[in-house]
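Student: whatever this is, show me its structure:
(2 chains)
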2 protein chains.
Amino acid sequence: MRIGIIGTGRMGSGLGRRWAERGHEVFLGSRDPERARELAGTMGRGVRGGGIREAAAFGEAVLLATPWAGVRPSLEAAAPLDGKIVIDCTNPLSADYFSLEVGHTTSGAEEIARWAPGARVVKAFNTVYADVIGSSAVVGGEAATLFCCGDDVEAKRVALTLGEELGFDVIDAGPLRNARYLEPLAELCVQLAFAQGMGTRMALRLVRS
Amino acid sequence: MRIGIIGTGRMGSGLGRRWAERGHEVFLGSRDPERARELAGTMGRGVRGGGIREAAAFGEAVLLATPWAGVRPSLEAAAPLDGKIVIDCTNPLSADYFSLEVGHTTSGAEEIARWAPGARVVKAFNTVYADVIGSSAVVGGEAATLFCCGDDVEAKRVALTLGEELGFDVIDAGPLRNARYLEPLAELCVQLAFAQGMGTRMALRLVRS
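Tutor: Now for the predicted structure:
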């Protein structure tokens, strides 16, 4: 499928690279279109780059992969996103990463849904590290779990499928409001990786019997 | 060691039973002391029962395992808890379990620390199901992870050791304020188990390489 990616950091480029390897067409968008084009050039066939509006218009699904401060400006630059599947892999991190800017009575995902009314927002990939995407979702010999939540059934199905293709055990984690639990999960991982010194070659895995 | 347990539900009785099997002395406390005595009678040698104040006085560590509504009354009944290790395995669940009563700018654990000033509060076992404790922390052939957080180094060490004895992979998840991430993690598990129908034979496992 055609995937527009907004954000040229490790998550955007990491996911873009892997999806292109699997045959999807990827368009990387940035407020610095020349940077996006250069980066796309390193990411293999099937990846192009340019501006944010171009990426959003290109994609059947759009991955939002900017830092929290860049989210609202990016949505404005990408608009209109009515009817568009928006995969939100952002986290509403504070500037020092060690807390969340919103939570409990809302979530980053729900704020994004407010800022882009009409978009079909699904929360996915916000709890996984780029390192883990790079190792085909395998950490220490075990498959990492990808939690997705959203109110749009089809958008969620797309996100789950894109995650499964990358090697994740995928879990439907319910409606979009459950981002109120997935975003703290991401912050827990930040605390473990950086404050507790565990590094980013780590992931959560849901085990069941 | 001597462990006082406040709460006669599945977590209190499940943990009490397992710790008694490992040779710890357990005192189960309830606002219904007779019920606690009867339950203790079914839990094997090394387990006695009675009132909340008795349990708190008995324990070198006290496990708080009541529903959220019972937490503050239990702490009042248990007082004084100055200098006492209090292992908080509660979650600030709403009445229908499907949301949290507090979060983001505080946590259930931090509220407990305010209500029992001087207590050495450590958050532990709030993200694991009684079913998983009952299966020696093994789910689908894999060890579940126990996350513990707290500001008191010794209290945290005790909780981590008690968890390791039960078969968990134990992780020091940092200071007590990180309960702001462990409690949403528990609520995620509630959503998955009950709203998404996955049941309670499930757990999270941290994988690393």
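
Student: list, one by one, the residues from chain A near chain B.
Tutor: Proximity of chain A to chain B, by C-beta under 8 Å from any C-beta of the partner chain, involves residues A:100, A:102-105, A:135, A:139-142, A:144, A:147, A:171-174, A:178, A:180-185, A:187-188, A:191-192, A:195-196, A:198-199, A:201-209. No exception for glycine: its C-beta is placed from N, CA and C like everyone else's.

Student: helices of chain A, start to end?
Tutor: A:10-21, A:33-41, A:52-58, A:68-78, A:108-115, A:130-134, A:153-165, A:179-190 (DSSP state H).

Student: so which of those gets nearest residue B:161?
Tutor: The closest of the helices of chain A to residue B:161 is helix A:179-190. By C-beta to C-beta, the value is 21.6 Å.

Student: which residues sit against the closest one?
Tutor: A:88, A:91-93, A:97-100, A:103-104, A:106-110, A:123, A:126-127, A:129, A:147, A:149, A:173, A:202-204, B:103, B:147, B:173, B:178, B:180-185, B:187-188, B:191 (C-beta atoms under 8 Å, 6 or more residues apart in numbering or on different chains).

Student: from those residues, which land in strands?
Tutor: Under the assignment DSSP state E, the contacts of helix A:179-190 contribute A:88, A:123, A:147, A:149, A:202-204, B:147 to strands.

Student: how about TSV for those residues, with distance to residue A:53, pLDDT and neighbour count added?
Tutor: Formatted as TSV, the ones in strands among the contacts of helix A:179-190 follow (distance: C-beta to C-beta, whole Å; pLDDT from 0 to 100; neighbours: other C-beta atoms under 10 Å in any protein chain shown):
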residue	distance to residue A:53	pLDDT	neighbour count
A:88	18	98	32
A:123	23	98	34
A:147	30	98	29
A:149	27	98	29
A:202	36	97	21
A:203	34	98	28
A:204	35	98	24
B:147	42	98	29
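
Student: which of those sits closest to residue A:78?
Tutor: residue A:88 (12.3 Å).

Student: the closest one contacts residue A:64, correct?
Tutor: Yes - Residue A:88 is in contact with residue A:64 according to C-beta atoms under 8 Å; the separation is 5.0 Å.

Student: between these two, which contacts overlap?
Tutor: Common neighbours of residue A:88 and residue A:64 (C-beta under 8 Å, 6+ apart) are residue A:112.

Student: quick one: low-confidence ranges for chain A?
Tutor: By pLDDT under 70, chain A has no low-scoring segment.

Student: quick check: which of the helices of chain A is buried the most?
Tutor: helix A:179-190 (a mean of 26; mean count of other C-beta atoms under 10 Å in any protein chain shown).

Student: gap between the most centrally placed residue in chain A and chain B?
Tutor: Closest residue to the average C-alpha location of chain A: residue A:89 at 2.4 Å, with C-alpha atoms, centre = their mean. To chain B, residue A:89 is 17 Å away according to C-beta to the nearest C-beta, to the nearest Å.

Student: quick check: that residue touching residue A:66?
Tutor: No - applying C-beta under 8 Å, one finds residue A:89 not in contact with residue A:66, separated by 9.5 Å.

Student: show me the contacts for the residue nearest to the centre of chain A.
Tutor: Residue A:89 touches A:11, A:15, A:63-65, A:123-126, counting by C-beta under 8 Å, 6+ apart.

Student: good, wrapping up.
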